[in-house]
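Peer 1: Quick one, structure for this:
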Amino acid sequence: TYIVALAYDEISMGGPFLYALENTSKNIFCINLSTKGINAQVHSVSEDMPDWASKTSYSIYIKPNTSTLGVLFTSKERIEYDLTKLALPRGLTIVHSYTKPWLSIGEDGKVSANIYTSSKAPVTSFTFNYKFDGTTYNQTFTDLEISNGFYNLVTIEHETIIPALTAEGSHDLEIWLSDINGSHTSNTIEMTVDVYQKVVQRIVLHEAFVSSTSDACVIPNQLLDTIFQYNPDKFTCIKYQMNAPAFDPYYTVEGEARKNYYEVGLIPFVAVDGNYFADYLGSYTPAVFQLGYILPSFVELDATFTYDDTKTYAASITVNPLKSITGNNKLYAAVVEKVTRMNMKTNGERAFYYVMKKFLTDVDGDPIDLVEDKEVNVDLSFQFKGNFRLPFSGSNMINNDIEHSVENFKNLMLVYWIQNDDTKEVLQSGKVEEATLSIGDFAEMGTVKVYPNPSEGMINIESENEFSNVKILNMLGQVVYNSHVKTH
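Peer 2: Next up is the predicted model:
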């Protein structure tokens, strides 16, 4: 058996469809072009016209400007069907659902569906159904105008929430649409909702490998920026500037080590919670981000991030495993500059976000045991030494023992995460958006007032404590004034 003819249908609800005619059985199959799936056998010509079973069919067609599907035979007979009366597929498709697949005990849940229609006619009404533990809930939507297009996704939420549950366990959930424009039914999404005593919200880590010399990185960077803009508390990000296709001044040995860790070939490349999206322009979308965000995490993280007047940045990280997790697990932590501009090169970008400056842990991570309810506290620090320098080639990279590439020390943040080094899976991540002055330095300083600010050249300094030296640094951390003074 093989296919002898095809016909394209852009008329029917739920289309476009492709009708395929088999040579021997003379079965007509309907293929949904949007899902690339065979919906069902629509008709068997041999069953409908037994006297023609031995005849040879050679063509199938859609009659122009009609809802007629026809089959031609070499003997010049033909049979025609009214498409409006065939068992056609649904007019809406559920692509996926943002329904959380987990809940804490005592937490209720919202049920959602992301839907689209590929029909030329808009969908104006349907019933949104879900079944949870055998009980079905319905909600009718009317006066709609859902138009054609796979990328015209519409997210709907059911008005009836999943009730809060009081015990751990797994629960079956089914989601589907019915009475679409009064008749059709959609596909069904089946999933499991797990209820846990101890679980926390996941924060999604993005490790991006990019360069200010790569035109290919511009749009992917904009894509990430858009996702982050609309999800400010749901993500962490660290970007490693690469030495490709030409040198980015903020390319580092540590960035190269992470590139090798993920076996990065070409850039742009992003690892999201350890999952790879090479050339992520089309493959990493807001929907993919959201589907990652709704996954559970069983590691609770917290941290403080401080600095002092010696440019020493310190992190105190608390790791609380909510269950025991075996494997080659590591703690990673890095100092990140929220925005840089001085590494601008040839790709037209003027600002670069979440640029990695220095790992506080080893770049290969620090081993950590994740034992249920056994809290782990880790203290890390690094002192930025010397002055700012902008490297000009890969043979002239920053030497962190004597210099630094921090443009603005007030713009540093902490990004940290737990990762299984064998599977690359990131178990949880966290961030501290801004470093605070260490308590010890506050105590020693007392109250200090500096005015006017801004100044045209002369300033007044008032302090509760006597001091003998004044040092003024610019935004690059460079000393622009240093003098002994007399206080009174």
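
Peer 1: the strands in the stretch 1-150 of the chain, which residues?
Peer 2: Counting by DSSP state E, counting those that start in this stretch, the stretch 1-150 of the chain has strands at residues 3-9, 17-22, 27-32, 37-44, 57-62, 68-73, 78-82, 93-96, 102-104, 112-116, 126-132, 135-141.

Peer 1: helices or strands next to the second one in the packing?
Peer 2: This points to strand 17-22. strand 3-9, strand 27-32, strand 57-62 (3 or more C-beta pairs under 8 Å, 6 or more residues apart in numbering; DSSP states H and E). Placement of C-beta: from N, CA and C, glycine included.

Peer 1: hang on, the earlier thing: for Gly365, find the nearest of the strands of the stretch 1-150 of the chain.
Peer 2: strand 102-104 (26.6 Å; C-beta to C-beta).

Peer 1: and that closest one, which strands flank it?
Peer 2: Sheet partners assigned to strand 102-104 using DSSP bridges are listed as strand 188-196 (parallel).

Peer 1: what does the strand it pairs with rub up against?
Peer 2: By C-beta atoms under 8 Å, 6 or more residues apart in numbering, the list of residues contacting strand 188-196 from outside reads 94, 96-97, 99-105, 109, 113, 132, 162, 165, 167-176, 296.

Peer 1: Which one of the strands of the stretch 1-150 of the chain lies nearest to Phe269?
Peer 2: Of all the strands of the stretch 1-150 of the chain, strand 93-96 comes closest under C-beta to C-beta, at 24.3 Å.

Peer 1: what pairs with the closest one, and is each one parallel or antiparallel?
Peer 2: With DSSP bridges as the test, strand 93-96 is paired with strand 112-116 (antiparallel).

Peer 1: The partner strand versus strand 126-132: what angle between them?
Peer 2: Taking axes from the mean of the first three to the mean of the last three C-alpha atoms, to 10 degrees, one finds strand 112-116 and strand 126-132 inclined to each other by 140 degrees.

Peer 1: What is the distance between strand 112-116 and the centre of its chain?
Peer 2: On the basis of C-alpha atoms, centre = their mean, to the nearest Å, strand 112-116 sits 18 Å off its chain's mean C-alpha point.

Peer 1: one step back: which of the helices and strands packed on strand 17-22 is buried the deepest?
Peer 2: With neighbours taken as mean count of other C-beta atoms under 10 Å, the helices and strands packed on strand 17-22 reach their highest mean count in strand 27-32, at a mean of 20.

Peer 1: hmm, back to that, any chance of TSV for the helices and strands packed on strand 17-22, columns distance to Lys239 and mean pLDDT?
Peer 2: Listed next are the helices and strands packed on strand 17-22 as TSV, based on distance: least, C-beta to C-beta, whole Å; pLDDT from 0 to 100:
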stretch	distance to Lys239	mean pLDDT
strand 3-9	45	81
strand 27-32	40	79
strand 57-62	51	78
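
Peer 1: Tell me the secondary structure of Ile227, please.
Peer 2: helix (DSSP: H, G, I helix; E, B strand; the rest coil).

Peer 1: Check whether Val71 really touches Asp48, as I assumed.
Peer 2: No - at 9.7 Å, Val71 does not count as touching Asp48 under the criterion of C-beta atoms under 8 Å.

Peer 1: Show me whatever sits in contact with both of these two.
Peer 2: Ile79.

Peer 1: Between the two, which has more neighbouring residues?
Peer 2: Each of Val71 and Asp48 has its neighbours counted (other C-beta atoms under 10 Å); Val71 has more, 26 against 13.

Peer 1: any idea where the strands of the stretch 351-488 of the chain begin and end?
Peer 2: 352-359, 366-367, 376-383, 412-420, 426-432, 436-437, 448-451, 460-463, 469-473, 479-484.

Peer 1: Among the ones you listed, single out whichever gets nearest to Gln201.
Peer 2: Nearest to Gln201, of all the strands of the stretch 351-488 of the chain, is strand 426-432, at 9.3 Å by C-beta to C-beta.

Peer 1: Please convert the strands of the stretch 351-488 of the chain to TSV, extending it with mean pLDDT and mean neighbour count.
Peer 2: Putting these into TSV (pLDDT from 0 to 100; neighbours: other C-beta atoms under 10 Å) gives the following:
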stretch	mean pLDDT	mean neighbour count
strand 352-359	98	23
strand 366-367	98	12
strand 376-383	98	15
strand 412-420	98	24
strand 426-432	98	22
strand 436-437	88	12
strand 448-451	75	11
strand 460-463	78	11
strand 469-473	75	12
strand 479-484	76	9
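
Peer 1: Just tell me which of the ones you listed ends up closest to Thr213.
Peer 2: strand 352-359 (11.7 Å).

Peer 1: hmm, who's touching the closest one?
Peer 2: Taking C-beta under 8 Å, 6+ apart as the rule, strand 352-359 contacts 208, 210, 212, 221, 225, 237-241, 250, 252, 254-255, 332-341, 343-344, 382, 384, 400, 404-406, 412, 415.

Peer 1: The nearest residue to Glu425 once chain neighbours are set aside: neighbouring residues, count only.
Peer 2: Setting aside the residues directly before and after it, Glu425 is nearest to Gly274 in space (C-beta to C-beta, 6 or more residues apart in numbering), at 4.8 Å. For Gly274, the count of nearby residues is 17 (other C-beta under 10 Å).

Peer 1: and if you look at Glu256?
Peer 2: Residues within reach of Glu256, counting by other C-beta under 10 Å, total 18.

Peer 1: cool, Asn275 as well?
Peer 2: By other C-beta under 10 Å, neighbour count at Asn275 equals 13.
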